[in-house]
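Student: Pasting the sequence and the predicted coordinates here, then a few questions.
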Amino acid sequence: MKVLVLGATGFIGFPVAQALARAGHIVYGLTRSEANAQRLAAEEIIPVIAEPTSASWHHLIAKLDVVIESIGGFPDLAQASSAILTDVSASAAKLRPPGAPRLSYIYTSGTWVQGDSRTEIVSDTTPLGTPVQLTAWRIPLEQAVVTSTVLNGIVIRPALLYGRGGSLLAPLFKKAAEEGKVAWYGTPGGRFALVHADDLADLYVRAAEKAQIIGGQIFDAANDFTESVDDFLQHLVQLTGAKAPYEFIKPSNLFEEALGATLLLRPYLARALLGWTPRKPGLVDGLETYYASWRALQ
């Protein structure tokens, strides 16, 4: 297959592009900098230097099998993601040869759309209630993807990522290492829904390879079990030698509120339809390895 990854040097996009290349596919990686282009080329990923919201890369749409949207870091991510979907749809309708299969489009959402609850267990097909406010905008965009009449739309919702560079946990690791303090948002008793970056990348490969038979599906990407936030924070204190006890911080913005959310997630569609099985140790069990990996990248 020929696959283009938007956001190919990001915490999600880079492992995904690497995994697709290892699986034998021709992978294009969109990046906005020359330095990152060299990083992609070294991984046998064909670099494309462009803004994801521009049409300068759209000539590739005529020959691609899959586009994976995993962008981040935009001042208005909602507007950017919506614009990309609209523009890719228009270009696919215009540029794809007659009789060509629909271009598969895998949109990266997130499990925060499932909301914040310490009592209700949810899965891929649970009707959405009240999402975490930060990501409420993703719900109509998800629906626009999976109901597209031009694209073969698929949505993947990663849970909180761990491993490699630390993802959203990186600031916590940094504070523990530099200030000797462990603090997180919310209140005691919360739980994390989690997925390792490498396991998530494996799911994207499986989804891309079977895209033509899973169009219209939304997959939650998470481990089979949630983990105690308190247990994780206590282990981090012990591992780093930070000052005990750990603390909880009152959120001061929507992002911090999202970080403090609990999701009791039991996803099953990726297992049932794609044979996906997360293999990495959990966050707490593998914390020493994951923290050491983060330290090595500093």
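Tutor: Done, it's in.
Student: didn't Ala197 look like it was pressed against Leu160?
Tutor: No: between Ala197 and Leu160 there is no contact under C-beta atoms under 8 Å: 11.0 Å. Every C-beta, even on glycine, is put in place using the N, C-alpha and C of the backbone.
Student: Touching both of these two, which residues are there?
Tutor: Ser167 (C-beta atoms under 8 Å, 6 or more residues apart in numbering).
Student: Would you agree Glu142 is in contact with Ile106?
Tutor: No: using C-beta under 8 Å, Glu142 makes no contact with Ile106, being 11.7 Å away.
Student: okay, and the common contacts of these two?
Tutor: Common neighbours of Glu142 and Ile106 (criterion: C-beta under 8 Å, 6+ apart): Val155.
Student: Those two: who's more crowded?
Tutor: Ile106 (25 against 18; other C-beta atoms under 10 Å).
Student: so what strands line up beside the helix or strand containing that one?
Tutor: Using DSSP states H and E, Ile106 sits within strand 104-108. Paired neighbours of strand 104-108 in the sheet (DSSP bridges): strand 66-69 (parallel), strand 152-158 (parallel).
Student: So what touches the last one?
Tutor: If you take C-beta under 8 Å, 6+ apart as the criterion, strand 152-158 is touched by 12, 101-111, 113-114, 142, 144-147, 195, 200, 203-204, 207, 211-212, 214-222.
Student: do the shortest one as well
Tutor: Applying C-beta under 8 Å, 6+ apart, the external contacts of strand 66-69 come out as 1-7, 13, 16, 52, 61, 81, 84-85, 88, 103-108, 204, 208, 211.
Student: Which of those fall within helices?
Tutor: With helices taken from DSSP state H, the overlap with the contacts of strand 66-69 comprises Gly13, Val16, Ser81, Ile84, Leu85, Val88, Tyr204, Ala208, Ala211.
Student: Sketch out the low-pLDDT regions of the stretch 1-150 of the chain for me.
Tutor: Along the stretch 1-150 of the chain, segments meeting pLDDT under 70 are nowhere present.
Student: And the contacts of strand 152-158, which of them are buried?
Tutor: 12, 102-111, 113-114, 142, 144-146, 195, 200, 203-204, 207, 211, 214-215, 217-222 (16 or more other C-beta atoms under 10 Å).
Student: so what's Gln212 up against?
Tutor: Gln212 neighbours (C-beta under 8 Å, 6+ apart): Pro101, Ser104, Asn152.
Student: now the helices: where do they sit in the stretch 1-150 of the chain?
Tutor: Along the stretch 1-150 of the chain, counting by DSSP state H, counting those that start in this stretch, helices occupy 13-22, 34-42, 77-95, 138-146.
Student: can I get the ones you listed in a markdown table with distance to Pro131?
Tutor: Formatted as a markdown table, the helices of the stretch 1-150 of the chain follow (distance: least, C-beta to C-beta, whole Å):
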| stretch | distance to Pro131 |
| --- | --- |
| helix 13-22 | 23 |
| helix 34-42 | 32 |
| helix 77-95 | 13 |
| helix 138-146 | 6 |
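Student: Of those helices, which is nearest Leu236?
Tutor: Closest to Leu236 of these, according to C-beta to C-beta: helix 13-22, at 23.1 Å.
Student: Could I get the CA-only coordinates of that closest one as CSV?
Tutor: Below are the C-alpha coordinates for helix 13-22, written out as CSV (Å, rounded to 0.1, in the frame of the first residue of the first chain):
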residue,chain,number,x,y,z
GLY,A,13,2.4,9.8,13.8
PHE,A,14,6.1,8.8,14.0
PRO,A,15,5.6,5.3,15.5
VAL,A,16,2.7,4.8,13.1
ALA,A,17,4.9,5.7,10.1
GLN,A,18,7.7,3.5,11.3
ALA,A,19,5.4,0.6,11.9
LEU,A,20,3.9,0.9,8.4
ALA,A,21,7.4,1.1,6.8
ARG,A,22,8.4,-2.0,8.8
